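Colleague: predicted model follows, preceded by the sequence.
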Amino acid sequence: MRRAVCPGSFDPITNGHLDIIERASKLYDVVHVVVAINPNKKGMFSVDERIALIEETTAQCGNVVVESHQGLLVDYCRERGIPAIIKGLRAVSDFDYELQMAQMNHGLTGVETLFVPTSPTYSFLSSSLVKEVAAYGGDVSHLLPEPVHRQLLVRIAEQKAQA
């Protein structure tokens, strides 16, 4: 069985993330989407909320498993016998960082990293940018799966009410 990992913080998952996951799901029998836990970062959405949103938006793939992981991604891969990591690349600047990470991961455990170019439609897209634009009232509905957009608007309204 061919398996791969698509890691990220997914705070929240965007159409760019979804594009890479869907493409990977056509190439692999099982795609593990791993929500990376960074205790030093406070996300807009909890890890459990991110997992639920990813599960909802990838359900049509039929071969996506969503989990969280804290620690080295290669440890997650080694524990589950997963030989490949799939990473989307938006620009040359992504490649510089991701190449170093891929070389480190391969050196640690032999896990391969495959780079998938992001669709030009989403080459500028990041979760941080989407959250910032939405917080200022910009329309980001075309950049997010509908359930994610709905939850983002709810969360922004909650944050404004608390301020």
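Modeller: Nice, thanks for sending it over.
Colleague: need the contact list for residue 80.
Modeller: 3, 32 (Cβ atoms under 8 Å, 6 or more residues apart in numbering). Using the backbone N, CA and C atoms, a C-beta is placed for each residue, glycine as well.
Colleague: tell me the mean pLDDT over stretch 142-157?
Modeller: Averaging pLDDT along stretch 142-157 yields 97.
Colleague: run the chain-centre distance for that stretch.
Modeller: Stretch 142-157 sits 16 Å away from the centroid of its parent chain (Cα atoms, centre = their mean, to the nearest Å).
Colleague: any buried residues in it, and which?
Modeller: Burial within stretch 142-157, assessed by neighbour count using 16 or more other Cβ atoms under 10 Å, is assigned to 143, 144, 145, 148, 149, 151, 152, 155, 156.
Colleague: contacts for the helix or strand bottoming out on mean pLDDT in the chain?
Modeller: Least confident helix or strand of the chain, by mean pLDDT, DSSP states H and E, is helix 92-109 with a mean of 91. Helix 92-109 is contacted from outside by 72-74, 77-78, 85, 87-89, 111-113, 115, using Cβ under 8 Å, 6+ apart.
Colleague: residue 53: which of the buried residues of stretch 142-157 is nearest?
Modeller: Comparing the buried residues of stretch 142-157 against residue 53 with Cβ to Cβ places residue 148 closest, at 5.2 Å.
Colleague: quick one on the thing from earlier: farthest-separated two in the contacts of helix 92-109?
Modeller: Pairwise over the contacts of helix 92-109, using Cβ to Cβ, the maximum falls at 78 and 89, 24.3 Å.
Colleague: low-confidence stretches in the protein?
Modeller: Low-confidence segments of the chain, defined by pLDDT under 70: none present.
Colleague: tell me which stretches of this protein form strands.
Modeller: For the chain, the strands defined by DSSP state E occupy 3-8, 30-36, 64-69, 84-89, 112-117.
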